[in-house]
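Chemist: Take a look and give me a structure for this.
(3 chains)
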Amino acid sequence: MSTHMPAITSENTFLPFGDQRNAPFYGKDILSVKQFNRSDLDYIFGVAHEMRVMVERIGTFDLLKGKILANLFYEPSTRTSSSFTAAMERLGGSVIPINEVRYSSVSKGESLPDTVRTLECYADVIVLRHPDVGASKLAAQYARKPIINAGDGVGEHPTQALLDLLTIVEELHQVDGLSVTMLGDLKYGRTVHSLARLLSLYNVQLHYVSPEILRMPKEIIDEINKKGIQQKEHVDLDSALSETDVLYVTRVQKERFSALDEYERVKDAFVIDLDTMSRAKSRMIVMHPLPRVSEISIEVDADPRAAYFRQMEYGLYVRMALLAMVLGKS
Amino acid sequence: MSTHMPAITSENTFLPFGDQRNAPFYGKDILSVKQFNRSDLDYIFGVAHEMRVMVERIGTFDLLKGKILANLFYEPSTRTSSSFTAAMERLGGSVIPINEVRYSSVSKGESLPDTVRTLECYADVIVLRHPDVGASKLAAQYARKPIINAGDGVGEHPTQALLDLLTIVEELHQVDGLSVTMLGDLKYGRTVHSLARLLSLYNVQLHYVSPEILRMPKEIIDEINKKGIQQKEHVDLDSALSETDVLYVTRVQKERFSALDEYERVKDAFVIDLDTMSRAKSRMIVMHPLPRVSEISIEVDADPRAAYFRQMEYGLYVRMALLAMVLGKS
Amino acid sequence: MSTHMPAITSENTFLPFGDQRNAPFYGKDILSVKQFNRSDLDYIFGVAHEMRVMVERIGTFDLLKGKILANLFYEPSTRTSSSFTAAMERLGGSVIPINEVRYSSVSKGESLPDTVRTLECYADVIVLRHPDVGASKLAAQYARKPIINAGDGVGEHPTQALLDLLTIVEELHQVDGLSVTMLGDLKYGRTVHSLARLLSLYNVQLHYVSPEILRMPKEIIDEINKKGIQQKEHVDLDSALSETDVLYVTRVQKERFSALDEYERVKDAFVIDLDTMSRAKSRMIVMHPLPRVSEISIEVDADPRAAYFRQMEYGLYVRMALLAMVLGKS
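Modeler: Have a look, this model is predicted:
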């Protein structure tokens, strides 16, 4: 546990664990951030907070002892796969890791529904990572057991969005009233799209800072606008930094630019360093979905406001919560 | 558990679990279907049935707690590997997954006996999948711990044959007196060869339906003939369908044909669809070793007689039974 | 357990297990053999012996129940990876296996420190195998959780050296006074370098038998010389065999020779066969880090003095000891 992680507070609901098969998510699939309302999020973050308390106190406990997770990854993602594995193991459950899908029966032409119907004979819940948009929804149509979407192409990655929001909740103890600034590649970044959608359930201000060619897509801005959320676009961070409570950084990839000189011209405006931090609020956090390359200088890591590694820990708690919930043990 | 799965009956022996080191399979290798007589099969299916009862009641239990399985796969097989992993985990044991053998010490020239003698220092039982015929037998000659053959090339895959037969036992509550029809590629199909051999221990009728170039090999027909089993070959399913109790479907692969027009001419005769089912007995089952491509229409999946996904579940129970048996806990 | 393995003796300290967070290795990294003094080795081997006793008596026990190991392998090593997995599982802990690092976020440019800081959010201890010298040290600089070096390029592989030395301790019940002969490729062999360094803490005689071009490096000879250890180089085994208590064999690889005829001329002098064994002491052991190709004839395997497969078992015990120690449970 990082020494910088804020102390546990009682601001979130503390739910006693138990067999709650009439609980809201028992037997449900987790497919999209669009399926959650604010009350759902309160519930999820309450359970996730409780998971944090338990992990910090005793590390591991047997809430899901005897339950089996099939971790079905059609494309590699060490971070997400390890996080779900750890979540299941910290709850006393077991994991069937399936990482080499491209070499297996799938390459013999088996359909995703058939693969899922086979795996649910062995497991109690399936976590699915797939390169195709909509794969999780398709799997869920055929599966009797709960499906958790761990990313389907440029589509959804709901557990990432939930961990991002949990990070804000746990670090800043509120969401309403915050100014959230998203920086970098806002056009292709699946994570910023999903987080923006989730944040639109709260009373927040959103700032978008990106190169011209990587602006937040108009359809997302329109969708969020309908919720009455204030959004503002910026060409550099300076105009938004002083009022930023949450700075969410993503990488600006050279490959997105057709002209190299254009990339060279803008890239430095999207790097966070000690100078940036010196001009930021004293109570704010810097987030990043990781992996980080050079868009946050490593000197920033020691700043207590650098929340990106703690963010990984919140990912563990959110995934523990989701697993417990869909298996009726939250 | 599928709602179509027939209710548990008391027709099979219910064995109390316990430490039975004088049990028939304690410390034994599982290498070939040829090692079993009918009494062995009764015993295995009795334990497998008991496993089913326990899984349906409580999901997981600690019969093999503290035992370790080395899952040694020289070639990928998600289905078989996952099934053994789940079997061990549902019995409270642990698994060492070894999937990337081609990149490992083996590629530095280590012999299979040396690899097995190393792994048995860590594990209590070894499940071996290998591309070479006879690999499991070789491994067993050197190993002190039990070896379970999970498929060795075109050789044996005994746990597949056992799960196929268990499916018949659990679904139809008998084997004697049944008409079993095998359909598709009967020449190259390892599964139909092994199943035919096992069935020859019972009083059954066997029907073989295949394209001319994919007929059941003469040596297998001769071998089964010696047991006094009635066998009949057919050029299409129609002549066998009405009396079929078990329809075992395998894929007819285009690659087996030298002339494409010959494939096109016969392929439709080997596809099971709703029309086929309408002409089949009301009490019969359709089986398939999976993966299925187009040889069974997906509309058939909803028919209660479609047993191929339940078959996967029986695979779990058979593998749980075998692991418990060779470790002296059946 | 091999029937040839010598009986457990009480010559080593038997330490009662318990929560010993003031124990010498609690929270520490295991990076290099250079970090150990003789008292440390006594402690490690005492715990490892205790692990052996427990494994032989009850197989598995829950000393590390609830603890999670991240097994982070940047290059494949079935033997080492499986050994750590088994060690953790025999102590009741869980493992996050991370084997496909080359396909994962690392290939997106993530630094080793960032990967380690992510994984320690999920795990309690990290075992790291990496192709670059110094990788473990770098990882340890950034990690809050203990790092165990499982081999970093041509650098260190301390758990291999410890299991080698434990083999000698358990098999011969002493180290002082022994003649240890290292045979084969002494120039490039990471294992012989580390073992020689560890042995220099004891009162031993070291014999080096190698082709001229594969002699023990001068810097290692000099380093060991300073400890007052007697070292002797030989061109063939005959002159050292009769007084050898421990014969440590490594492979002479054809690729090391520029001229094939030179390889052909020397290779037979570095093969151990029944004739070699007939001229060796009756109380001595033959060791090998494995995989073995042809440098030890398979007829030797049946000789009770052939300790190389038992060596793998001692590897399990050493790794169990180290995991328990760094997690404060030794």
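Chemist: Every contact and neighbour count from this point should use C-alpha atoms.
Modeler: Fine.
Chemist: ok, which stretches of the stretch 51-200 of chain A are helices?
Modeler: Listed in chain order, the helices of the stretch 51-200 of chain A (DSSP state H, counting those that start in this stretch) span A:78-90, A:112-119, A:135-142, A:158-172, A:190-199.
Chemist: Alpha carbons of the last one, as PDB, please.
Modeler: Once side chains and other backbone atoms are set aside, the C-alpha atoms of helix A:190-199 remain, and they are given as PDB (Å, rounded to 0.1, in the frame of the first residue of the first chain):
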ATOM      1  CA  ARG A 190     -11.200   4.600 -25.300                       C
ATOM      2  CA  THR A 191     -10.500   5.400 -21.600                       C
ATOM      3  CA  VAL A 192     -11.300   9.100 -21.800                       C
ATOM      4  CA  HIS A 193     -14.500   8.500 -23.700                       C
ATOM      5  CA  SER A 194     -15.800   6.100 -21.100                       C
ATOM      6  CA  LEU A 195     -14.700   8.200 -18.200                       C
ATOM      7  CA  ALA A 196     -16.300  11.300 -19.700                       C
ATOM      8  CA  ARG A 197     -19.500   9.400 -20.100                       C
ATOM      9  CA  LEU A 198     -19.400   8.200 -16.400                       C
ATOM     10  CA  LEU A 199     -18.600  11.700 -15.200                       C
END
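Chemist: Establish whether it and chain C are in contact.
Modeler: No. If you take C-alpha under 8 Å from any C-alpha of the partner chain as the test, helix A:190-199 misses chain C, and the best it gets is 15.7 Å.
Chemist: Report the angle between that helix and helix A:158-172.
Modeler: 60 degrees (axes from the mean of the first three to the mean of the last three C-alpha atoms, to 10 degrees).
Chemist: Not counting sequence-adjacent ones, nearest residue to the residue of the stretch 101-250 of chain A found nearest chain B?
Modeler: Proximity of the stretch 101-250 of chain A to chain B (C-alpha to the nearest C-alpha) peaks at residue A:121, 5.1 Å away. In space, and not counting its chain neighbours, residue A:121 is closest to residue B:313: 5.1 Å by C-alpha to C-alpha, 6 or more residues apart in numbering or on different chains.
Chemist: which element is the one you found on?
Modeler: helix B:308-326 (DSSP states H and E).
Chemist: and the angle for that helix with helix B:158-172?
Modeler: Inter-element angle recorded for helix B:308-326 and helix B:158-172: 120 degrees (by the same axes, to 10 degrees).
Chemist: angle of helix B:308-326 against helix B:78-90?
Modeler: 50 degrees.
Chemist: how far is helix B:308-326 from where the chain is centred?
Modeler: Centroid separation for helix B:308-326 versus its chain: 9 Å, with C-alpha atoms, centre = their mean, to the nearest Å.
Chemist: From the contact counts, what lies against that helix?
Modeler: helix A:112-119, helix B:38-58, helix B:78-90, helix B:158-172, strand B:285-287 (3 or more C-alpha pairs under 8 Å, 6 or more residues apart in numbering or on different chains; DSSP states H and E).
Chemist: Let's see that helix as CSV, backbone CA atoms only.
Modeler: Backbone C-alpha positions of helix B:308-326 (Å, rounded to 0.1, in the frame of the first residue of the first chain) are rendered in CSV as follows:
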residue,chain,number,x,y,z
TYR,B,308,-22.6,-31.5,-27.0
PHE,B,309,-22.2,-28.7,-24.5
ARG,B,310,-23.3,-30.9,-21.7
GLN,B,311,-20.7,-33.3,-23.0
MET,B,312,-18.1,-30.7,-21.9
GLU,B,313,-19.5,-30.7,-18.4
TYR,B,314,-19.2,-34.5,-18.3
GLY,B,315,-15.6,-34.0,-19.3
LEU,B,316,-15.1,-32.0,-16.1
TYR,B,317,-16.6,-34.8,-14.0
VAL,B,318,-14.5,-37.5,-15.6
ARG,B,319,-11.3,-35.6,-15.2
MET,B,320,-12.2,-34.8,-11.6
ALA,B,321,-12.8,-38.5,-11.1
LEU,B,322,-9.5,-39.6,-12.7
LEU,B,323,-7.5,-37.0,-10.7
ALA,B,324,-9.0,-38.1,-7.4
MET,B,325,-8.6,-41.8,-8.3
VAL,B,326,-4.9,-41.7,-9.2
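Chemist: ok, the residue of the stretch 101-250 of chain A closest to chain B to residue B:316 distance?
Modeler: Look at residue A:121 and residue B:316: by C-alpha to C-alpha, to the nearest Å, they are 8 Å apart.
Chemist: May I see the buried residues of the least confident helix or strand in chain A by mean pLDDT?
Modeler: Between all helices and strands in chain A, the lowest mean by mean pLDDT, DSSP states H and E belongs to helix A:260-266, at a mean of 83. Buried residues in helix A:260-266, counted by 16 or more other C-alpha atoms under 10 Å in any protein chain shown: A:263, A:266.
Chemist: Also stretch A:54-63?
Modeler: Buried, per 16+ other C-alpha under 10 Å, within stretch A:54-63: A:54-55, A:59-61, A:63.
Chemist: my read: residue A:154 touches residue A:133, true?
Modeler: Yes. Here residue A:154 reaches residue A:133: they are 6.3 Å apart, a contact under C-alpha atoms under 8 Å.
Chemist: related to what we said a few turns ago, can you tell me which of the buried residues of stretch A:54-63 are up against chain B?
Modeler: Within these, nothing lies near chain B by C-alpha under 8 Å from any C-alpha.
Chemist: Turn the residues you listed into TSV, columns for distance to chain C and pLDDT.
Modeler: Shown next, in TSV, are these (distance: C-alpha to the nearest C-alpha, whole Å; pLDDT from 0 to 100):
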residue	distance to chain C	pLDDT
A:54	12	96
A:55	10	95
A:59	7	91
A:60	5	92
A:61	7	93
A:63	12	95
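Chemist: and which of those residues is nearest to chain B?
Modeler: residue A:63 (13.5 Å).
Chemist: now the closest residue to that closest one other than its chain neighbours: how far from chain B?
Modeler: With C-alpha to C-alpha, 6+ apart as the criterion, residue A:63 has its nearest non-adjacent residue at 5.3 Å, and that residue is residue A:91. Using C-alpha to the nearest C-alpha, to the nearest Å, we find residue A:91 at a distance of 15 Å from chain B.
Chemist: Report the contact partners of residue A:91.
Modeler: Residues near residue A:91 by C-alpha atoms under 8 Å, 6 or more residues apart in numbering or on different chains: A:60-65, A:320.
Chemist: Distance from the chain centre to stretch A:131-146, please.
Modeler: The answer for stretch A:131-146 is 19 Å, by C-alpha atoms, centre = their mean.
Chemist: wait, isn't residue A:244 in contact with residue A:283?
Modeler: No. When contacts are counted by C-alpha under 8 Å, residue A:244 is not listed as touching residue A:283 (9.5 Å).
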